[in-house]
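# Please work out how this folds:
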Amino acid sequence: MVRFAVATVILAVLISSFVLAQDTTPKIQVFGGYSIFHADLAGLNGTNLDVTLGQPPNTFNVNTNFMGWNAEGQYNLNRWVGLVADLNGRYGQPFYAVRTVTGVPDSNAYSFLFGPSLSYHFKSPLTPFIHALFGVERTTLEASTIHGPSSTIVGNSSSFTDFAAALGGGIDYKLTKHFSIRPAQVDWFHTTVNLHQLYGGSFGLGLFQGYTTHQANIRYSGGVVFRF
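Model prediction:
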């Protein structure tokens, strides 16, 4: 009888814990927020740009940080496992002028990734998570007319679509039943942009060669989460 009573108590505790976890685990989560993307430039630098575009030394330098947005929809299969669809957009000038130069092109990149997420829903407001997301990214270099110290450089609009992956995680802090904040989500963001095709398609094929086609970037995101 004692063993039966102990087993009954343990079973009751496990069932109640499972029910509580189910109650605190939303079926659907929608995240939206700000994103900072630290880019791996595959070896491209200001000196390379000066030489390739036929300008004097110290005309150009490169940007490594791009601002944008990140949005995710997540369907939780249970308290641990979810499926995530991730959308990301970022914007900025891929390089800038050190000298008095006008007409430097703008760029943008959009990605769509999908994959599993593992979360742990504590009884406390904190929910840490990790995910592995895979998909595609499309990067565009806008048309431009650069008035440089030595010459005017005309660039066509050029785009490149590549494979991308994001491996990382973060933490959510629940404020109410339907609302959380995500102070930090950090991803190792792998891209496979071919600069020979992207920049070459803008300024002339054959100009940008010898750069790596695999980039290890870092993406930080933060924002709000709606829970349903």
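# Can you tell me which helices and strands the longest strand along the chain packs against?
Ranked by number of residues, the top strand in the chain under DSSP state E is strand 158-176. If you count contacts as 3 or more Cβ pairs under 8 Å, 6 or more residues apart in numbering; DSSP states H and E, strand 158-176 packs onto strand 107-119, strand 126-141, strand 179-191, helix 195-203, strand 215-227. Heads up, the C-betas are built off the backbone N, CA and C, glycines and all.
# Please work out which of these is packed deepest.
Most buried of those, by mean neighbour count (mean count of other Cβ atoms under 10 Å): helix 195-203, with a mean of 21.
# tilt between that one and strand 107-119?
Between helix 195-203 and strand 107-119, the angle comes out at 150 degrees (axes from the mean of the first three to the mean of the last three Cα atoms, to 10 degrees).
# residues in contact with residue 134?
Going by Cβ atoms under 8 Å, 6 or more residues apart in numbering, residue 134 touches 113, 114, 115, 163, 164, 165.
# Report pLDDT for residue 220.
Per-residue pLDDT puts residue 220 at 98.
# what about the closest residue to it other than its chain neighbours, neighbour count?
In space, residue 220 comes closest to residue 36 once its chain neighbours are excluded; the distance is 4.7 Å by Cβ to Cβ, 6 or more residues apart in numbering. Counted with other Cβ atoms under 10 Å, residues neighbouring residue 36 total 15.
# Equivalent analysis for residue 75, please.
As a burial measure, residue 75 scores 14 neighbours (other Cβ under 10 Å).
# give the contact list for it.
Counting by Cβ under 8 Å, 6+ apart, residue 75 touches 27, 28, 82, 83.
# pretty sure the third one is in a strand, no?
Yes: the assignment for residue 82 is a strand, going by DSSP: H, G, I helix; E, B strand; the rest coil.
# partner residues bridging it?
Per DSSP bridges, the residues bridged to residue 82 are residue 76, residue 117.
# Surely it and residue 73 touch.
No: Residue 82 is not in contact with residue 73 according to Cβ atoms under 8 Å; the separation is 10.0 Å.
# residues contacting residue 57?
Residue 57 makes contacts with 47, 50, as judged by Cβ under 8 Å, 6+ apart.
# Next, it: secondary structure please.
Secondary structure assignment for residue 57 (three-state DSSP): coil.
# how close does it sit to residue 207?
Plainly put, residue 57 is 18 Å away from residue 207 if you go by Cβ to Cβ, to the nearest Å.
# Then residue 76?
The spacing between residue 76 and residue 207, counted by Cβ to Cβ, is 49 Å.
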